[in-house]
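Enquirer: Sequence first, predicted coordinates after that:
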Amino acid sequence: MANSKQKKRLTVTDFVKMKSSGEKITMLTAYDFPTASMLDSAGVDMLLVGDSLAMVVQGHENTIPVTLDEMIYHGEMVSRASKRAFVVVDIPFPVNHHGVHEAVKAAGRIMKETSCQAVKLEGGADQADVIRAMVNAGIPVIAHVGLRPQAVHAMGGYKVQRDRDEILADATAAQEAGAFCVLVECVPAEIAKELTETLRVPTIGIGAGVDCDGQVLVINDMLGMTSGYVPSFVKAYANVQEQISTAVGEWCEDVKERKFPDDEHSF
Ligand code: KIV
């Protein structure tokens, strides 16, 4: 895996090369400096400052409430922490629906104020003009197709998306508008496979099977650090919630029983 040893920051051209060489792309979400720093050192290729922060950091029911200023606040910390990973910041709802001018202005603010390397927006064919304008402004764009969590109410919930023609049309329109990568969420594995074979640009899947060019998960979900609902496509690689709860419980007990601080931890 040549790329995980690479010290300098990954670029859009590295991801295109990874697609052609068959090396899978790893992407995880990050929302703060220490987490981003750990994920960067661990060799994650892309860090996504996802609008999922509305749910996993702010405790909202969906991704709709998070604001542009809040995305910038978290994006700046993540960018500053990462040395090698390519940092992507989500455009929050409904900024990319405010017309091309407002959308480019918002993406420009994100790039200037966070020092990230790209933005991600939800949409495909309907967002082609916005994607094209951002790319013309020199802003790399990832398009997010399939399940679009910002449209949860219109889509009738977080459901698997099975309209093959629509998914392919959205992803192709995004690619033709200049998106350098397409994130595909909650679609049957065979549709994601066909999409990955059809597109020139890499696909990154979440709940989209093994054949995408890369995989993304929400960091809190994959570390077992989520108090709410966890989608069935998530595999937890740790149970950090349990570890925190055990450690904090022990500390509370030690304090109550006057075992902490002991001599070793006192002056
Ligand atoms: O906001 C986010 O974390 C995302 C993931 C679901 C990929 O878009």
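Expert: Happy to help now that I have it.
Enquirer: tell me the domain boundaries of this structure?
Expert: As assigned by automatic domain parsing, the chain contains the domains 12-223, 237-267.
Enquirer: Please give the number of neighbouring residues around the residue in the stretch 51-200 of the chain that the ligand sits nearest to.
Expert: Closest to the ligand within the stretch 51-200 of the chain is residue 52: 3.1 Å, counting by C-beta to the nearest ligand atom. Every residue, glycine included, has its C-beta placed from N, CA and C. Neighbour count of residue 52, defined by other C-beta atoms under 10 Å: 21.
Enquirer: Determine which stretch of the domains of the chain is the most buried.
Expert: domain 12-223 (a mean of 20; mean count of other C-beta atoms under 10 Å).
Enquirer: chain center to that domain: distance?
Expert: Put simply, domain 12-223 sits 5 Å off its chain's centre (C-alpha atoms, centre = their mean, to the nearest Å).
Enquirer: related to what we said a few turns ago, now the residue of the stretch 51-200 of the chain closest to the ligand. Nearest residue, chain neighbours left out?
Expert: Residue nearest to residue 52 in three dimensions, not counting chain neighbours: residue 218, with 5.2 Å by C-beta to C-beta, 6 or more residues apart in numbering.
Enquirer: okay, which residue is most central for the chain?
Expert: Centre of the chain computed as the mean C-alpha position; nearest residue by C-alpha atoms, centre = their mean is residue 48, 3.4 Å away.
Enquirer: Reformat the domains of the chain as JSON lines; add mean pLDDT.
Expert: Below are these laid out as JSON lines (pLDDT from 0 to 100):
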{"stretch": "domain 12-223", "mean pLDDT": "98"}
{"stretch": "domain 237-267", "mean pLDDT": "97"}
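Enquirer: for those domains, which one sits closest to residue 231?
Expert: When these are compared by C-beta to C-beta, domain 12-223 sits nearest residue 231, at 6.3 Å.
Enquirer: End to end on that closest one, go ahead and measure it.
Expert: Terminal residues of domain 12-223 lie 27 Å apart, using C-alpha to C-alpha, to the nearest Å.
Enquirer: count of neighbours near residue 226?
Expert: 19.
Enquirer: Please enumerate the helices of the chain.
Expert: Ranges of helices within the chain are 2-5, 12-21, 33-41, 53-56, 68-81, 100-114, 128-136, 152-155, 164-177, 189-198, 219-222, 240-256, based on DSSP state H.
Enquirer: JSON lines please, covering these and showing distance to residue 205.
Expert: Below are the helices of the chain laid out as JSON lines (distance: least, C-beta to C-beta, whole Å):
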{"stretch": "helix 2-5", "distance to residue 205": "18"}
{"stretch": "helix 12-21", "distance to residue 205": "13"}
{"stretch": "helix 33-41", "distance to residue 205": "19"}
{"stretch": "helix 53-56", "distance to residue 205": "19"}
{"stretch": "helix 68-81", "distance to residue 205": "22"}
{"stretch": "helix 100-114", "distance to residue 205": "24"}
{"stretch": "helix 128-136", "distance to residue 205": "20"}
{"stretch": "helix 152-155", "distance to residue 205": "18"}
{"stretch": "helix 164-177", "distance to residue 205": "12"}
{"stretch": "helix 189-198", "distance to residue 205": "5"}
{"stretch": "helix 219-222", "distance to residue 205": "14"}
{"stretch": "helix 240-256", "distance to residue 205": "24"}
